[in-house]
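1. Here is my input; please provide its structure:
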Amino acid sequence: MTLDPMTAALHPLLDLPRREDAALRARLQARLDAKTKPLGALGRLEALALQIGLIQGTTRPRLDQPQLLVCAADHGLAARGVSAYPSEVTWQMVENFLAGGAAVSVLARQHGLALTVVDCGVRHAFAPRPGLIVAKAATGTRDCCEGPAMSTDECAAALAHGVRLVREHLPGNVLLLGEMGIGNTSAAALIMQRLTGLPLADCTGRGTGLDDAGLARKRDTLALALARHPDAQAPLDLLAALGGLEIATLCGAVLQAAAERRVIVVDGFICTAAVAVAAALAPAVLDHCVFAHCSAESGHARWLQALGVSALLDLGLRLGEGSGAALAWPLLASAVRLLEEMASFAEAGVSEREDGAGQATSGSEAGSAAPVAAAGPAV
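-> This is a model prediction of the structure:
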């Protein structure tokens, strides 16, 4: 069978199996229930520890060498005024990331995260330096109101770059996602509308801070883009027609990370676009994803709901860069450490909960306080 270039770039990652194992789930839940606490007292941290154990296929999960991947690219649609900032900000912010002055740079240092910035298609020539990988599939996308944002070959190259980044450049078993690209909330909104079928107005927010007139202009522009590509409905077709080079690169990275049983920490609205395309191709991707936060971008909460997931944090963030993923990272680290290091009732010599007849019961037998349900990807 002959595969089109985009599908070929991802083959055989599209046959990703579900990370559900009833026996392993029961063993993980028993370990959690035996800890010195009331059943479910650690709330979503317990569900998070359980999810990480299922991803890694073990009752003793570990988080090794977490990698924060920030993919950057320019967007042809930005010339239509869909952002409050000019396109030059994309390359200027890449320089800021590399100089250590951006929010994500600060957070990566604080939390010991290895930060890699990838030029996926910025209209700028960067001087080589540590922490930067140049993987341009094109020098920015084209205006999708006039034609496809990417050719099939360009989109395939961006997807393949994402696969190779994870496979060859990013060690460890945790991938945190970030992005940069003026105009990319527009690309994400277009992808959201096509994947969810929600009204365009529900998918389109203020991005970098548009005023009311700017938001109206953005919505009109995106409506024109959708009308220009009525046949771009399949996930990879709409990614090429309406998406961005950084979103395509992140999509490939997500699929490869899931195939390697890595934990994937998803940042905000644009990173959700990359994950949503990947999940439309291979639904088991969502088993690997921890959604870090619910962005203040107006469409994000609706998109998380449509995916059947929920976020760990809601801090009113709308910065991107991977900042929300970095802020959520300590929660993952705490969940795993609690599962590994917290004593059980037996180990600590602590009396267990009594049932109604005054008899001590083990954590897994006590029934009046139900354990927190494992939330799958929604942790």
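
2. For the chain, just list every one of the strands.
-> 67-73, 114-121, 132-134, 174-180, 263-266, 289-291 (DSSP state E).

3. Mind checking the ones you listed for the one nearest to Asp21?
-> Closest approach to Asp21 among these (Cβ to Cβ): strand 263-266, 16.1 Å. Backbone N, C-alpha and C define where each C-beta goes, glycine included.

4. which helices and strands does the closest one pack with?
-> Secondary-structure packing of strand 263-266 (3 or more Cβ pairs under 8 Å, 6 or more residues apart in numbering; DSSP states H and E): helix 44-56, strand 174-180, helix 245-259, helix 269-281, strand 289-291, helix 323-341.

5. May I see the buried residues of the last one?
-> By neighbour count, and taking 16 or more other Cβ atoms under 10 Å as the criterion, the buried residues in helix 323-341 are 323-329, 331-332, 335-336, 338-339.

6. Adding distance to Val265, write those out as JSON lines.
-> What follows is those, written out as JSON lines (distance: Cβ to Cβ, whole Å):
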{"residue": "Ser323", "distance to Val265": "12"}
{"residue": "Gly324", "distance to Val265": "9"}
{"residue": "Ala325", "distance to Val265": "4"}
{"residue": "Ala326", "distance to Val265": "9"}
{"residue": "Leu327", "distance to Val265": "10"}
{"residue": "Ala328", "distance to Val265": "6"}
{"residue": "Trp329", "distance to Val265": "7"}
{"residue": "Leu331", "distance to Val265": "10"}
{"residue": "Leu332", "distance to Val265": "7"}
{"residue": "Ala335", "distance to Val265": "12"}
{"residue": "Val336", "distance to Val265": "13"}
{"residue": "Leu338", "distance to Val265": "18"}
{"residue": "Leu339", "distance to Val265": "17"}
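
7. Adding pLDDT, write those residues out as a markdown table.
-> Below are the buried residues of helix 323-341 laid out as a markdown table (pLDDT from 0 to 100):
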| residue | pLDDT |
| --- | --- |
| Ser323 | 98 |
| Gly324 | 98 |
| Ala325 | 98 |
| Ala326 | 98 |
| Leu327 | 98 |
| Ala328 | 98 |
| Trp329 | 98 |
| Leu331 | 98 |
| Leu332 | 98 |
| Ala335 | 98 |
| Val336 | 98 |
| Leu338 | 98 |
| Leu339 | 98 |
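
8. between those residues, which is nearest Cys155?
-> Ala325 (24.2 Å).

9. Which residues are in contact with that closest one?
-> 68, 176-178, 265-267, 271, 292 (Cβ atoms under 8 Å, 6 or more residues apart in numbering).
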